[in-house]
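# what shape does this take:
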Amino acid sequence: MKKIFKLILNIIPRPILIKMSYWVRPILAFFMRGDNFVDPIDGKSFKSFLPYGYENPRENVLAPATLSLERHRLLWLYLKNETNFFTDNIRLLHFAPEQAFYKRFKTLKNIDYTTTDLNSPLADIEADICALPFNDKSFDVILCNHVLEHIPDDTKAMEELYRVLKPGGWGIFQIPQDLNRMETFEDNSITDKKERAKIFGQYDHVRVYGRDYFKKLRSIGFSVEEVDYTANFSAEEIERYRLAKGELIPLVRK
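Predicted coordinates:
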C-alpha cells in the first residue's frame, strides 16, 4: 500500500487530489472503521490509518475520514484545549487550507474566515504569500502550516505575515523540521526532482528547517514559543491519536 500511495502523491497534482478525495474519503472511512486509533478532529475510530509520504511513506499516519496527519491532529488538540480559537470572535487568515479543517472552520460562527493560496481549490483568495493583498494589521489569528518550506524568499513571506497580523494577535506556523539540525539547509543547485525529494522530503520543498527557524521568526519581530504539546499526553494517547512525539508547535505573537 505504501508504494501505491507514494505513486499517487508523486504523479497526481495536489489540486486534483483534493477534488478526488471528496468521494474517496467516505469509502476509506467505512472499510477502515475499528477501535485501535482515534482521530480527535472528528472523534471517529479506525482499525488503522493510511500511509503517507512522497519519498519514504510513513505507516499508519493519514486518518481516512478527515485526511489529517500527525501535525493536524496535534494542532487541533492544541487549538481546542489551549486557545480561544473556538470561543472568541476572531478574524482568521488561513494559508493553504487543509481539508481536515476547512469545512469545520467555515461553520464556526465566531470566526471571520479568509483562506488564501496560489493553487488550492479551497482558497477564497489567490495570493502570493510574499505580496499579500491585505491591509496592515488585518487579522487576529494566522494559520500558515507547511507553507514556508515551499517559498524561496521565506524572509519576505514572514515579513508579510507579520505585517497583516494585528498587534496582540497570534499565529501558528508549522513547518517540517529536523530538530537534530541546528541550521536550516538549502541548496538551489539540486534540481533533479528525485534528488530533491530524497534530501528535502518533497520535490517542491526548497529547504530543510533546523532549530534556527525560531530565531529567524524572532528576527522578523515575532515573539515565539516553542510548544512541545505532545508532552501533555501519555505514551498510550500519543499512539492512539498517532501523534509525532516531540513535534514542536511554533506559536508566534505580535
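# what residues are up against the most centrally placed residue in the chain?
Nearest to the mean C-alpha position of the chain, counting by Cα atoms, centre = their mean, stands residue 145 at 3.6 Å. Residue 145 is in contact with 71, 75, 95-96, 98, 172-175, counting by Cβ atoms under 8 Å, 6 or more residues apart in numbering. For the C-beta atoms, the positions are set from N, CA and C on the backbone; glycine is no exception.
# so it is in which element?
Under the criterion DSSP states H and E, no helix or strand holds residue 145.
# the closest residue to residue 44 other than its chain neighbours: what secondary structure?
Residue nearest to residue 44 in three dimensions, not counting chain neighbours: residue 65, with 5.3 Å by Cβ to Cβ, 6 or more residues apart in numbering. Counting by DSSP: H, G, I helix; E, B strand; the rest coil, the backbone at residue 65 sits in coil.
# surely residue 65 is in contact with residue 39?
Yes: applying Cβ atoms under 8 Å, one finds residue 65 in contact with residue 39, separated by 6.4 Å.
# how about the backbone phi and psi for the residue in the chain sticking out farthest from the centre?
For the chain, the residue at maximal distance from the C-alpha centroid (Cα atoms, centre = their mean) is residue 189, at 26.9 Å. Dihedral pair for residue 189: phi -80, psi -20, per degrees, to the nearest 10.
# and it, how far is that from residue 181?
19 Å (Cβ to Cβ, to the nearest Å).
# just residue 212 next, same as before
9 Å.
# ok, residues contacting the host helix or strand of residue 162?
Under the criterion DSSP H and E, the helix or strand holding residue 162 is helix 154-164. Outside helix 154-164, the residues that touch it by Cβ under 8 Å, 6+ apart are 93, 129-132, 134-139, 142, 144, 147-148, 151, 171, 173, 207, 216-217, 220-222, 254.
# so what strands line up beside the helix or strand that it is followed by?
Remark: after helix 154-164, the chain's next helix or strand is strand 165-172, criterion DSSP H and E. Note on strand 165-172: by DSSP bridges, its sheet partners are strand 139-143 (parallel), strand 249-253 (antiparallel).
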